[in-house]
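Trainee: Output the structure for:
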Amino acid sequence: MKKIFISGLVLGLASLTTANAQDLGSIDGKALFGDMNARHIGPALMSGRINDMENHPTNSRIIYAGTAGGGVWKSNDAGTTFNPIFDDYCQSIGAVELDPNDPDNTIYVGTGETWTRNSVSVGDGLYKSVDGGANWTKLGFENSDRIANIIVNPKNSNEVYVGVLGALWGDSEERGVYKSTDAGATWEKLLYVDQKTGCADLAMDPSDPNTLYASMWEFRRTGWSFESGGANSALYKSTDAGKTWNKIHNGFPEGKLGRLGIAIAPSNPKVLYTVIEAEKNERKGLYRSNDAGASWEQLNNDFGITVRPFYFSRIVVDPKNEDVVVKGGLSGSISRDGGKTFKALGNMHSDIHDIVFSIKDSDIMYVGTDGGVYRTWDGGTNMEIVENLPLSQFYHISVDNAEPYNIYGGLQDNGSWYGPSSSPGGVEARDWNSVGYGDGFRVLKHPTKNIIYSEMQGAENVWRYDVERNLTKTIQPLQVSEDQKLRWNWNAPMAISTHQPDRFYMGSQYLHKSEDMGDSWKIISPDLTTNDPTKQNQEDSGGLSMDNSGAENHTTIFTIAESSLDENVIWVGTDDGNVQVTQDGGKTWTNTVANIPGLPANTWCYHIEASTFEKGTAYAVFDGHTANDKNPYAYKTTDFGKTWKNIISDDVVGFARNIQEDYVNPDLLFLGTEFGLYITMDGGENWKKFTNNMPSVAVHFIDLQKKTNDLVMGTHGRGIIIIDDISPLRDINDEVLAQNVHFFDTPNTIISETGGFSGNFGGETQFVGPNKSKDVQIKYYLKKRHTFGKMKMEIQDMDGNLIAELGPGKSKGINIVDWNYTRKQPKVAKGKTFSFGGFTSPQVPAGTYKAVMTKGKETFEHTFDVVYDPKSPLSATDRELKNSTTMQLYDMTQELAYLVYEVDEILTHAEAKGDSKTVSKLNSLKETLVITTGDNYVGSAEPQLREKMADLYSKLASSYDKPSSSELENLKVISTRFVDAKESFAKLKSKYLKKQPLEMKSFEVFLESK
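Mentor: Just a heads-up that it's a prediction; the model follows:
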């Protein structure tokens, strides 16, 4: 769109700039992005993993959930609904603790999930709030990686203990048990074993704050293995507030130990429970002590108690009954006989991580699972899910070109799904459709057919789903010779060709290609990995407890990118650090990783983005966190990998997972990191963190919808997050930043005339994602916040006639003003009741309009178009009839309002003069114009001219269609009655004013009055 600038003093570009020009390097991201906001659409039908549950010590309605990747959420209504309170900080939560002496205000949050599966996020320290979560201060532990426990002495708020599990992927000194005696200002390390052993659990005797129990766990992950347990795992006790510690292993299994949970019975602190991971399977299980840890007895060795101890070690004791014990696990289990026997909890999502009992009623429990928070009212027999926690953990997403477009993605432990970017009434749980089971990863829509590809972990199943026929077929490449063993990543890569719609790629250690949607496969590469045999012993993974789920499969292909400019150019990245490219469709391959400067060897190539501008250009993102390297790595090549350039600046915090190149401006890039979204507008020289309604959540994948310019993010903890229409960012450069005001182009806005029915039942307690705005969005950049002088915005037609008045944004940075392409509502005659028909605003006809912004003494104009939906069934003649009839009724409604105003003015005057005859005649007339009795509900009166007129107006103004013949006939009746009323009043008015001069507002002044 053409942009016009008119100055009250000078025309020209000189008035657009000032001496104190800004550049991309100096402007703050928060100020730059201004009104651009992220939109969360969930889903919450399948929630996400919960790491820690906490309740308020005195208010049973207040519950906290610390999530694996979605931050901290608080409920004020006993778990019916939750709200986030920690969005600006690391979203991976290890522990939440309320100061029992000040639980309404003082909250501690330790970051870093402690259930150490391969896909866990990392933490960045300990935080504290003293105002109920409104503001937070970091208290250190930046290198802790994951904090397992926080305990505040109930008799002394200054005394705080922290159990630090520490780094998962490497050695670290910041582990063990720490203590503060000044409410977190300083810390002393109390218990430390070595760089590989951290505190997995910490408990305080509720009757004696000097008595502490600490579980120390030796553990380590690599990208290809997991080791739980060792000689240094142990359970310790201190009776002097942490000064000295002693092992309490009397009755424990012999040999090495793994992860141990610890729980104290609040009603009898001498009763302790622990779950022990031991060398011998028969010695694993639940142990109990009745003498405060002096001796232990094994009570239970059931599978439900011993399964996956690194993932399920939480034990919780009923605060009122020492013999009621709940243990996390695949389904969770409860014992009511002191741990001798257990039964499963009620039906809910599998993988139970934490449980809290209500402080008032032990039949009420809150349970944190891999699928969200559940509540029970009957002691665990029946469970109900909390429906408004959008914590879904996406590994990968993609979009299609439907209107509205759909988003496809796979979730941690929650299958694969697709759902709309907008939906009538908002995006609800019921809008999402299942297209896969297990751990979901890549989900891709066929470019031309209603077919969806999805997969589950390790390519165990790859499905081709015919949506219309509801037919599903498994299509994964299979071993075709005795000596061929395919290695699939847990998150196996898939890709669709933009050149041949039926072409489909998958990657094991080889690149597989199908030309028939997976019915047949051909290997088009050699082994593209390092094929390091030392990283291929997954059958030995797990340590003391075998854990070969496939999640540690290594030396595999992880990302595939076919160039949209040349089908023979294909990029492949591997989890062991190779970056391979072919320029001849797979006949020959070149490993380019040696050409990448500053990249540590064997760093996981997490994503490759093939440029849409030059076929030799590509971007590669590397993730080193599985080697305990949390630095971000992203590179660009313009010569098929012969040379690579680092495009990460010091602005980026958190290791990177994904990059998206804009389709219009090659210098505009979007980077998904462990701690949120970063954007560069100068090719990587400067990055800005996007924080507008965007949590510091792990962004695992980004896609850009080409038609709408929407940036769509699959986050690992907060579901799908969208930034609608990023096109203004394409214009941002130093020249634009130097201007006082810069209007961004406004794409044609389709006038929305659609309308249907959408139920809103359940919206009170369910999560509902907001829809994308259908309004005209006028976007402009202000170099400085407007503080002095007049500033207003009008919408005018091209002849300068006023259509609407809008409140302009005055903030520094990008401002967005919405206009719903309507005029203001008509002024409706006053009566005894409301006239609901008059609440409708008429839409303007399609055409060119202008936003006119007055800023001080300067005026700026910006033109834009609103257009009709090309799918609309109306002809130009139909449109003319609809618009003219609607505006005829609009004008009549306002004329009637003025007529009733005049009637009321003369009535008031006549009553004051005691002219009862005139009063009687005017009242009789008014009773035919508006309702003068009754109410808006049960006392409804006979509708009069105002109601008939306004209701017909509203029907026409809110309808997509031209007026029907019946409506036009009804208009004739109303018009005739209105003409008669005006004639009757004109006689009364003329006769009265001849005798009694009376000053009244003009029609124009009346319309502007309140």
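Trainee: make it CA atoms for all contacts and neighbour counts henceforth
Mentor: Noted.
Trainee: Residue ranges in this protein under the pLDDT threshold?
Mentor: For the chain, applying pLDDT under 70 flags the ranges 1-21, 759-760, 834, 934-941.
Trainee: Tell me who's in contact with the closest residue to residue 632 other than its chain neighbours.
Mentor: Spatial nearest neighbour of residue 632, chain neighbours left out: residue 655 (4.1 Å); criterion: C-alpha to C-alpha, 6 or more residues apart in numbering. Counting by C-alpha atoms under 8 Å, 6 or more residues apart in numbering, residue 655 touches 623, 624, 625, 630, 631, 632, 633, 673, 674, 675.
Trainee: And for residue 758?
Mentor: Each residue near residue 758 by C-alpha under 8 Å, 6+ apart is listed here: 424, 425.
Trainee: And the longest helix belonging to the chain, what does it pack against?
Mentor: Scanning the chain for the longest helix, with DSSP state H as the assignment, gives helix 876-913. On a contact count with 3 or more C-alpha pairs under 8 Å, 6 or more residues apart in numbering; DSSP states H and E, helix 876-913 meets helix 916-929, helix 945-958, helix 965-995, helix 1003-1008.
Trainee: Nearest to residue 786, out of those?
Mentor: With C-alpha to C-alpha as the criterion, residue 786 lies closest to helix 1003-1008 of the helices and strands packed on helix 876-913, at 27.3 Å.
Trainee: Could you look up the SS state of residue 670?
Mentor: Under DSSP: H, G, I helix; E, B strand; the rest coil, residue 670 falls in the strand class.
Trainee: what's around it, how many residues?
Mentor: Neighbour count for residue 670, taken as other C-alpha atoms under 10 Å: 26.
Trainee: pretty sure it is touching residue 678, no?
Mentor: Yes: the criterion here is C-alpha atoms under 8 Å, and residue 670 meets it with residue 678 at 5.9 Å.
Trainee: for residue 589, what are its contacts?
Mentor: Residue 589 makes contact with 525, 580, 581, 582, 583, according to C-alpha under 8 Å, 6+ apart.
Trainee: any residues touching stretch 230-239, and which ones?
Mentor: With C-alpha under 8 Å, 6+ apart as the test, stretch 230-239 has contacts from 193, 197, 210-219, 244-249, 255-260.
Trainee: how about that stretch as CSV, C-alpha atoms only?
Mentor: The C-alpha trace of stretch 230-239 is given here as CSV (Å, rounded to 0.1, in the frame of the first residue of the first chain):
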residue,chain,number,x,y,z
GLY,A,230,27.0,-46.2,41.7
ALA,A,231,29.1,-46.5,44.8
ASN,A,232,28.3,-42.9,45.8
SER,A,233,24.5,-43.2,45.9
ALA,A,234,23.3,-43.1,49.6
LEU,A,235,20.7,-42.0,52.0
TYR,A,236,22.0,-39.5,54.7
LYS,A,237,20.6,-38.1,57.9
SER,A,238,21.6,-35.0,59.9
THR,A,239,20.4,-34.1,63.4
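Trainee: how near is the residue of the chain most remote from its centre to residue 915?
Mentor: Relative to the mean C-alpha coordinate of the chain, counting by C-alpha atoms, centre = their mean, the farthest residue is residue 995 (70.7 Å). Shown here: residue 995 relative to residue 915, a distance of 11 Å by C-alpha to C-alpha, to the nearest Å.
Trainee: Which parts of the stretch 51-200 of the chain are strands?
Mentor: Assigned by DSSP state E, counting those that start in this stretch, the strands in the stretch 51-200 of the chain fall at 63-67, 72-75, 83-84, 93-98, 107-111, 126-129, 137-138, 147-152, 160-164, 176-180, 188-191, 197-204.
Trainee: ok and the longest one relative to strand 160-164, angle-wise?
Mentor: Note on geometry: by axes from the mean of the first three to the mean of the last three C-alpha atoms, to 10 degrees, strand 197-204 and strand 160-164 are set 140 degrees apart in direction.
Trainee: and if you look at the fifth one?
Mentor: Here strand 107-111 runs at 20 degrees with respect to strand 160-164, directions being taken by the same axes, to 10 degrees.
Trainee: Does residue 299 touch residue 287 like I think?
Mentor: Yes: counting by C-alpha under 8 Å, residue 287 is a contact partner of residue 299 at 5.6 Å.
Trainee: who's more crowded, those two?
Mentor: Taking other C-alpha under 10 Å, residue 299 and residue 287 do not tie; residue 287 has more neighbours (23 against 15).
Trainee: contacting residues for that one?
Mentor: Residue 287 touches 273, 274, 275, 276, 296, 297, 298, 299, 300, counting by C-alpha under 8 Å, 6+ apart.
Trainee: Quick one: buried ones out of those residues?
Mentor: The neighbour count (16 or more other C-alpha atoms under 10 Å) marks 273, 274, 275, 276, 296, 298, 300 as buried among those.
Trainee: Let me know the closest of these to residue 335.
Mentor: Once C-alpha to C-alpha is applied, the member of the buried ones among the contacts of residue 287 that ends up nearest residue 335 is residue 300, at 10.4 Å.
Trainee: was I right about the closest one contacting residue 340?
Mentor: Yes: applying C-alpha under 8 Å, one finds residue 300 in contact with residue 340, separated by 5.9 Å.
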